[in-house]
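Chemist: with the sequence up front, the predicted model follows.
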Amino acid sequence: LPLEYLRELVRIAPPTLNATAVLRSRGRAVSVIAEVKRATADFADLTGVGDVAVLARFYEAGGAACVSVVTEPLRSHGALEDLDAVRGAVDVPVLVNDLVVTPYQVHEARAHGADLLMLDARTATLVLESLIDRTHSLGMLAVVKVHSRREALTAVHAGARALAVDARDPDTRAVDRSRFEQVAEVLPGSTIRIAAGGVSGAHDVMNYARAGADVVLVGEAIIRSADPQQFVARRPARRGAAAQSPTGRGRRGPGVAASGSSPRRSTPDVPRVPCAPSEPELGALVQSTGGSVVQICCKGPDLSLIHI
């Protein structure tokens, strides 16, 4: 489509959702961005994904703060059709994860309903500054993916308000979860800190939270799980969560408010299961998280954190 046509679509599109307010929700120990994608980080095919709209509804019902959609077509098998389907299915903010290098792609993402857009700190500095500025000017939140302290500082100086620290090495594809803590140490307190990659269970989420993560992005592990909704629900949940079923209300229901207003959304109850008298280290961590009182429970190999 011509850029001018995309600009017109952006002009008449519904307002963006306030992703910053959602990700910084005070009632959460850590927020979760659940990702819809058709290939792994190593570009292996994820068969059986099926209807991405249904999957996204389960994410939302499980308490995901945002849903990420991989739209990169060549190696990740993504498509804008997936973005359209997810945007129409959920009320939470939607993050577009693609290889974005031009202003056209920024307008394209917004025209298709994106509230957040993933950028890459390895992009040329002047280009990165321009893309961040354009993203913010359209009401979206730019999330800049980084792999090192140097990239993180470059992104912050370029105007980034949210950084996603990727645990996966861009060259070797090896996962190093300690990368997040190393990078987080140099970030300003106002920066939204997102841990991305290397999450296989609740222990990884809590370790990232202990290292200072505001948000954890989870993709392949959820998709491969037997119950995506419960996988998300086992993450630290907001106090006083209310039950919600994946009814597919769609955009602008009684969920998250538009940008500039306070978010209102329901989250489902995290199932209570018998507590195990183990994991004292995690217990100490949870008791000090935001002054909230939580109960550590166990279900199989995973942990559930229930605000009480």
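Modeler: Great, that's in hand.
Chemist: SS state for Val165?
Modeler: What DSSP: H, G, I helix; E, B strand; the rest coil gives for Val165 is strand.
Chemist: strands of the chain, start to end?
Modeler: For the chain, applying DSSP state E gives strands covering 31-36, 66-70, 94-97, 116-120, 141-146, 162-166, 192-196, 215-218, 294-299, 302-307.
Chemist: show me what contacts the closest residue to Asp115 other than its chain neighbours?
Modeler: Closest residue in space to Asp115, ignoring its immediate chain neighbours: Pro93 at 3.8 Å, by CB to CB, 6 or more residues apart in numbering. Every residue, glycine included, has its C-beta placed from N, CA and C. With contact taken as CB atoms under 8 Å, 6 or more residues apart in numbering, Pro93 is in contact with Thr16, Leu17, Asn18, Ala19, Val22, Ala65, Cys66, Val67, Asp115, Leu116, Val256.
Chemist: mind checking which of those residues are buried?
Modeler: Those of the contacts of Pro93 that meet the buried threshold are Thr16, Leu17, Asn18, Ala19, Val22, Ala65, Cys66, Val67, Asp115, Leu116, Val256, by 16 or more other CB atoms under 10 Å.
Chemist: now the residues you listed as CSV including distance to Arg173?
Modeler: What follows is those, written out as CSV (distance: CB to CB, whole Å):
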residue, distance to Arg173
Thr16, 33
Leu17, 32
Asn18, 34
Ala19, 28
Val22, 30
Ala65, 27
Cys66, 25
Val67, 24
Asp115, 29
Leu116, 24
Val256, 34
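Chemist: tell me the centre residue of the protein?
Modeler: Taking CA atoms, centre = their mean, the centroid of the chain lies closest to Ile33, which sits 2.4 Å from it.
Chemist: for that one, list each beta-bridge partner.
Modeler: Applying DSSP bridges to Ile33 yields these beta-bridge partners: Cys66, Leu217.
Chemist: that one and Val216 touch, don't they?
Modeler: Yes: taking contacts as CB atoms under 8 Å, Ile33 lies within contact range of Val216: 7.3 Å.
Chemist: list the residues that contact both of the two?
Modeler: Ile194.
Chemist: all helices for the protein, in order.
Modeler: 3-12, 19-23, 52-62, 80-89, 103-111, 125-137, 149-157, 178-184, 202-210, 220-224, 228-233, 280-287 (DSSP state H).
Chemist: measure stretch 134-150 end to end?
Modeler: 23 Å (CA to CA, to the nearest Å).
Chemist: quick check: buried residues in it?
Modeler: 134-136, 138-149.
Chemist: which one of the residues you listed sits closest to Asp171?
Modeler: Asp171 lies nearest to His147 out of the buried residues of stretch 134-150, by CB to CB, at 9.4 Å.
Chemist: surely the closest one is in contact with Thr172?
Modeler: No: His147 lies out of contact with Thr172 (CB under 8 Å); the separation is 11.2 Å.
Chemist: residue ranges with poor pLDDT in the stretch 101-250 of the chain?
Modeler: By pLDDT under 70, the low-scoring segments of the stretch 101-250 of the chain are 235-250.
Chemist: the same query, at a cut-off of 80, please.
Modeler: Within the stretch 101-250 of the chain, the stretches with pLDDT under 80 are 202, 221, 223-228, 234-250.
Chemist: distance check, the residue nearest to the centre of the chain against Arg149.
Modeler: Using CB to CB, to the nearest Å, we find Ile33 at a distance of 23 Å from Arg149.
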